[in-house]
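**Q** please work out how this folds:
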Amino acid sequence: MKKYIAFFIISAIILGIGTVYAADRFGEEKAEAVSTPYAVIGEDVWMLNENGSKLFLLPRTYYARIDRMDDNFYYITFNGVSGKIPKASVSVVGYDKDVKDTQRIIRISTEYSVFTEIKLKASLDGEAGEDITAPTSEPLTYIGTYKQGESIWYYVSYGGAYGYVLNTYTDTPTIVDEEFVPEKDITEEEKPPEEEKEEQPELVKILVISGVSAAVLILVIILFIPRKNKKHKYYYS
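**A** I've put the predicted structure just below:
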């Protein structure tokens, strides 16, 4: 009876170790597999509003997070602005790192500081809208660029509202975005020696589990090896 109890205890130990290890490995693999879909921006890709009107040009090489899609469009978010882009205009990639944006603070040029306010156009694409008034002394947040013939407009935000201002009215008439370079996962060959050392605990875990399993197996064999009955000998003085 004692042998059966020992057998069940040993089996439970082995099963518990295996379950914990398997769950740990599954959790690591699941975490590594999580990624977010992004649109990879190419040349002359416009962010459109819900009505299909152009908002601004998206910067080449950058990633825009895809929130949802339908038959013709990806609905994206870039620089904190939501809109849509035609599916055929971009490719899609899964990405799980930080994504750089192109927002920056700009100001109205000091040349126009004699004026207290400036009008930000609500639309450049023929849509009706009320122009926005912004103080010339306050900063604006640059969102993107809108090219209209020879004119260059900046799509900006101020006080939670959005509008357009001519680039020549600002202190930054030329804005050039650096190319976005996505981070790559480090392969086994590329890992530096310091990171290789971090893998040692995993090896130790495997060795410990293997050692415990071997010891338990030996114990099981000892417990269940049949023994011959021996006669007891007694010594009497």
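**Q** residue ranges of the helices in this protein, please?
**A** Applying DSSP state H to the chain gives helices spanning 2-33, 193-197, 200-224.
**Q** quick one: low-confidence parts of this structure?
**A** Low-confidence segments of the chain, defined by pLDDT under 70: 1-34, 186-237.
**Q** that one: strands as residue ranges?
**A** Assigned by DSSP state E, the strands in the chain fall at 36-40, 45-48, 54-58, 63-69, 73-78, 81-86, 91-95, 104-106, 117-120, 132-135, 140-148, 151-158, 161-166.
**Q** residue 174 is nearest to which of the ones you listed?
**A** Minimum separation from residue 174 across the strands of the chain (CB to CB) falls at strand 151-158, 8.8 Å. C-beta here means a position set from N, CA and C on the backbone, and glycine is covered the same way.
**Q** give me every residue that touches residue 62.
**A** Residues in contact with residue 62 (CB atoms under 8 Å, 6 or more residues apart in numbering) are 41, 78, 99, 100, 101, 102, 177, 180.
**Q** rerun that using 7 Å as the cut-off
**A** Contacts for residue 62 (CB atoms under 7 Å, 6 or more residues apart in numbering) come out as 41, 102, 180.
**Q** ok, the second one to residue 61 distance?
**A** The one in question is residue 102. Distance from residue 102 to residue 61, counting by CB to CB, to the nearest Å: 11 Å.
**Q** how about the last one?
**A** When distances are taken as CB to CB, residue 180 and residue 61 turn out to be 5 Å apart.
**Q** what's the burial count for the nearest residue to residue 117 once chain neighbours are set aside?
**A** Leaving aside its sequence neighbours, residue 117 sits nearest to residue 133 (CB to CB, 6 or more residues apart in numbering; 5.2 Å). Using other CB atoms under 10 Å, residue 133 has 14 neighbouring residues.
**Q** do residue 130 as well
**A** 9.
**Q** surely it is in contact with residue 121?
**A** No. Between residue 130 and residue 121 there is no contact under CB atoms under 7 Å: 10.1 Å.
**Q** and which of the contacts of residue 62 is nearest residue 173?
**A** residue 102 (16.4 Å).
**Q** for that closest one, what are its contacts?
**A** Counted by CB under 7 Å, 6+ apart, residue 102 has contacts 59, 62, 79, 177.
**Q** try residue 107
**A** 139, 140, 170, 171.
**Q** with residue 66 instead?
**A** 37, 38, 39, 74, 76, 92 are the contacts of residue 66 under CB under 7 Å, 6+ apart.
**Q** closest one to residue 163 out of the residues you listed, please.
**A** Closest to residue 163, out of all of these and judged by CB to CB, is residue 76, at 20.8 Å.
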